[in-house]
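[1] could you look at this predicted model? Sequence included:
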Amino acid sequence: MKILLIEDEESLSDAIRSYLIQSDFLCEAAATVADAEEKIDLYEYDVVLVDINLPDGSGLQLIELLKKARSRSGIMIISARNSLDDKIEGLNLGADDYITKPFHMAELNARIRSVVRRRQFEGHSEIVFNEIRIDTDTTDVFVNTERVELTGKEYKLLLYLIANQNRVVTKEAIAEHLWGDHIDMVDSFDFIYTHIKNMRKKVLAKCSADYLQTIYGMGYKLSSA
Amino acid sequence: MKLLAKSNRYYLLFTPISLLLGSILMYAFIDFVFYDEIEERLVYQKQVVQEEIAAGRIPGSGKLLEVREVAPGVSIPETFSDTSFFEPIEGEAIPYRQLDFSSIINEQNYHITIRNSPGELEPLVASTALAMALILVFILLMVKYMTGLINQKVWSPFNSTLNQIRSYDVTSGKTLSFDSSDIDEFNELNQAIHSMSERITKDYTSLKEFAENAAHEMQTPLAIIRSKLELLMQSGELKEEQVKLLTSVSEASGRLARLNQSLLLLTKIENRQFQENEKVDLHRLVKRLLEDLEEFIAFRQLSTELNREGSTVLRMNPLLAEI
């Protein structure tokens, strides 16, 4: 899958790019509106990540450009401004999602995958991870052929871990993904342990191997093999 | 208390006092003029009496004139004095002014006393008092009427200024501007308020810009720290010591990020940037939040109970309602 990252902060751009490449995406970066326009003209991308504040213009005009060209790319806004106006304007222009800096890489990864799923399969999509099969349309989860009953949070957690498979996901990132802004009230993320435990019991116990690895002190890692 | 009421109060306090003093002075003045007039008349009569005697007609003595023959050596200088006689008709004593003098006419020395009454003083006092009372009533009525008029006319620029200040909204970005009035004090006030509002608006805008810039400037480095940390965590084969260090750095950066978010939110609230209002069902909101937070609540071994059923709808900003 090809991704275009439009971000003027070189250091951040590099970090995001290496993370996405590690997650098996093809990722190209542009730092300016002009640069991005040229790349959009020449190539077709699955997802375009746009920063709103760019040195030579606004990311919003790139979204307009993409929409005019009837591009099939998914569009995601990355912005330092957590301003509602920008968000509404961006989403109205046709962006698929909006993520505010600073974000967890795992979160970005999961969101990109969700955008791709919605774009390419119009919501009808199946995620397969070894014996686990998830129908994202009906939110049904199957291990082999057996249906597993999961709570909303557990479902989100499983999807998140699969999206970030083979990499360490911190407890903090999981907590922020599941509870969003409410997380600033908490001083310890240990409570997600309960959810991990339930998930293990319901899903992973039925699999042939324990794919979920606890990385001491950091978080969790779901390995595909 | 209104300024006019206050100044009127002093005005009303001092008006009777000054009127009282005025009447006393006026009485004294009228009294003086009367006496002066009578004395002039007495002096004129003195001449007439002297001429009469010289002509050999010695007038008979009465209340108004007494002519006595005295020894040649007696000399009485011309003196005015007060006296009074009981008037049977009026039933009271009437004041008189008298002039005593001695005069040698046809080698005969006379002691002559001429009297004249200025009339009763009471009617004069009474009419002066009445006039003053009428003036007082008139002044009071005028003050009352003028207060209304002054309030309407003179203070109207002040009132319009006050109304403008009351409805002043910093977030609108507009400065206050006033119509010029023909009163210098109000013009000065308006000018001062106008430049003050200009300054406030400028400060407000720069503060807002600062908050927005701070958001951008701080979020990006934070995003860089975070992303690099996560890359580092993925690198594998980390020693336990390194994992511990990484985790605490990551937690600190997370705290910093959340702190920054809260600060920005506070700035936004203080800048009153949450103007959108819509109906919010508080009951539903609380229920949803409780469901969202049930894991935290359970983890802390707390329990909550929602007592009210039904719905409470308030008009407010939906984003702020959640906080």
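    Okay, I see it.
[2] remind me which residues of chain B are low pLDDT?
    Chain B contains residues with pLDDT under 70 at B:118-122, B:212, B:215-216, B:270-276, B:306, B:308-310, B:318-319, B:322-323.
[3] which parts of chain B sit against chain A?
    B:212, B:215-216, B:219-220, B:222-228, B:230-231, B:233-234, B:240, B:243-244, B:246-247, B:250-251, B:253-254, B:257-258, B:261-262, B:264, B:289, B:292-293, B:295-296, B:298-299, B:319, B:322 (C-beta under 8 Å from any C-beta of the partner chain). Just so you know, the C-beta spots here come from the backbone N, C-alpha and C atoms, and that holds for glycine as well.
[4] how far away is residue B:184 from chain A?
    46 Å (C-beta to the nearest C-beta, to the nearest Å).
[5] run a quick neighbour tally on that residue.
    Look at residue B:184: counted by other C-beta atoms under 10 Å in any protein chain shown, it has 8 neighbours.
[6] just the one 5 residues further on next, same as before
    Other residues near residue B:189 come to 16 when the count uses other C-beta under 10 Å.
[7] isn't it up against residue B:161?
    Yes - between residue B:189 and residue B:161 a contact is recorded at 6.6 Å, counting by C-beta atoms under 8 Å.
[8] shared neighbours, those two?
    Counting by C-beta atoms under 8 Å, 6 or more residues apart in numbering or on different chains, residue B:189 and residue B:161 have no shared contacts at all.
[9] strands - which of the residues of chain B next to chain A land there?
    Among the residues of chain B next to chain A, no member falls in strands (DSSP state E).
[10] show the contacting residues for residue B:52.
    Residue B:52 touches B:58-59, counting by C-beta under 8 Å, 6+ apart.
[11] now it: which helix or strand?
    For residue B:52, the host element (DSSP states H and E) is helix B:3-54.
[12] now that helix: how far from the chain's centre is it?
    38 Å (C-alpha atoms, centre = their mean, to the nearest Å).
[13] ditto for stretch B:204-218
    43 Å.
[14] ok, residue A:3 to chain B distance?
    Distance from residue A:3 to chain B, by C-beta to the nearest C-beta: 15 Å.
[15] can you tell me the helix or strand for residue B:80?
    Short version, using DSSP H and E: residue B:80 is in strand B:79-87.
[16] quick one: list the elements packing against the following helix or strand past that strand.
    Scanning forward in sequence from strand B:79-87 by DSSP H and E, the next helix or strand is strand B:92-105. If contacts are counted by 3 or more C-beta pairs under 8 Å, 6 or more residues apart in numbering or on different chains; DSSP states H and E, strand B:92-105 sits against helix B:3-54, strand B:79-87, strand B:108-116.
[17] buried residues, the second one. List them.
    Along strand B:79-87, not one residue counts as buried under the neighbour rule (16 or more other C-beta atoms under 10 Å in any protein chain shown).
[18] who does it pair up with?
    Note on strand B:79-87: by DSSP bridges, its sheet partners are strand B:92-105 (antiparallel).
[19] which residues in chain A form helices?
    Along chain A, the stretches classed as helices by DSSP state H are A:10-22, A:33-42, A:59-68, A:84-93, A:105-121, A:152-163, A:171-179, A:192-202.
[20] likewise for chain B?
    B:3-54, B:122-153, B:156-166, B:184-234, B:240-270, B:282-292, B:294-299, B:318-322.
[21] quick one: which of those helices is nearest residue A:193?
    Closest approach to residue A:193 among the helices of chain B (C-beta to C-beta): helix B:294-299, 9.0 Å.
[22] from the chain's centre, how far out does that closest one sit?
    61 Å.
[23] now the helix or strand bottoming out on mean pLDDT in chain A: buried residues?
    The helix or strand of chain A with the poorest confidence is helix A:84-93; it has a mean of 78 (mean pLDDT, DSSP states H and E). Residues of helix A:84-93 classed as buried under the neighbour-count rule (16+ other C-beta under 10 Å) are A:86-87, A:89-90, A:93.
[24] which helices and strands sit right next to it?
    Against helix A:84-93 (3+ C-beta pairs under 8 Å, 6+ apart) you get helix A:59-68, strand A:74-79, strand A:97-100.
[25] swap the cut-off to 10 Å and go again
    Judged by 3 or more C-beta pairs under 10 Å, 6 or more residues apart in numbering or on different chains; DSSP states H and E, the packing partners of helix A:84-93 are strand A:57-58, helix A:59-68, strand A:74-79, strand A:97-100.
[26] quick one: mean pLDDT over the first one.
    Here the mean pLDDT over strand A:57-58 is 87, rounded to a whole number.
[27] quick one on the thing from earlier: quick one: which of the helices of chain B is nearest residue A:138?
    Across those, residue A:138 has its closest neighbour in helix B:282-292 (21.8 Å, C-beta to C-beta).
[28] chain center to the closest one, what's the gap?
    The answer for helix B:282-292 is 53 Å, by C-alpha atoms, centre = their mean.
[29] got it, and stretch B:257-273?
    On C-alpha atoms, centre = their mean, the centre of stretch B:257-273 falls 43 Å from that of its chain.
[30] which single residue of the stretch 51-200 of chain B ends up nearest chain A?
    residue B:171 (14.2 Å; C-beta to the nearest C-beta).
[31] would you turn the helices and strands packed on helix A:84-93 into a markdown table with mean neighbour count?
    Converted to a markdown table, the helices and strands packed on helix A:84-93 look like this (neighbours: other C-beta atoms under 10 Å in any protein chain shown):
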| stretch | mean neighbour count |
| --- | --- |
| strand A:57-58 | 16 |
| helix A:59-68 | 18 |
| strand A:74-79 | 24 |
| strand A:97-100 | 18 |
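[32] got the ones you listed as a markdown table, with distance to chain B columns?
    Converted to a markdown table, the helices and strands packed on helix A:84-93 look like this (distance: least, C-beta to the nearest C-beta, whole Å):
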| stretch | distance to chain B |
| --- | --- |
| strand A:57-58 | 13 |
| helix A:59-68 | 13 |
| strand A:74-79 | 8 |
| strand A:97-100 | 8 |
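[33] one step back: wait, the residue of the stretch 51-200 of chain B closest to chain A sits on residue B:208?
    Yes - taking contacts as C-beta atoms under 10 Å, residue B:171 lies within contact range of residue B:208: 8.8 Å.
[34] run the angle between the helix holding residue B:52 and helix B:156-166 for me.
    160 degrees (axes from the mean of the first three to the mean of the last three C-alpha atoms, to 10 degrees).
[35] wait, isn't residue A:46 in contact with residue A:3?
    Yes - Residue A:46 is within contact range of residue A:3, at 6.5 Å (criterion: C-beta under 10 Å).
[36] burial count for residue 220?
    All of this is about chain A. 22.
[37] please refer instead to chain B.
    So residue B:220, with other C-beta under 10 Å, has 20 neighbours.
[38] next up, the contacts around it.
    A:7-9, A:11-12, A:51, A:53, A:80, A:101-102 (C-beta atoms under 10 Å, 6 or more residues apart in numbering or on different chains).
[39] mind running it again at 7 Å?
    Applying C-beta atoms under 7 Å, 6 or more residues apart in numbering or on different chains to residue B:220 gives the contacts A:9, A:12, A:80, A:101.
[40] what is the nearest of these to residue B:128?
    residue A:80 (88.1 Å).
[41] any idea how far residue B:29 is from the closest residue to the closest one other than its chain neighbours?
    With sequence-adjacent residues excluded and distances taken as C-beta to C-beta, 6 or more residues apart in numbering or on different chains, residue A:80 is closest to residue B:219, at 3.7 Å. Distance of residue B:219 to residue B:29, computed by C-beta to C-beta, to the nearest Å: 89 Å.
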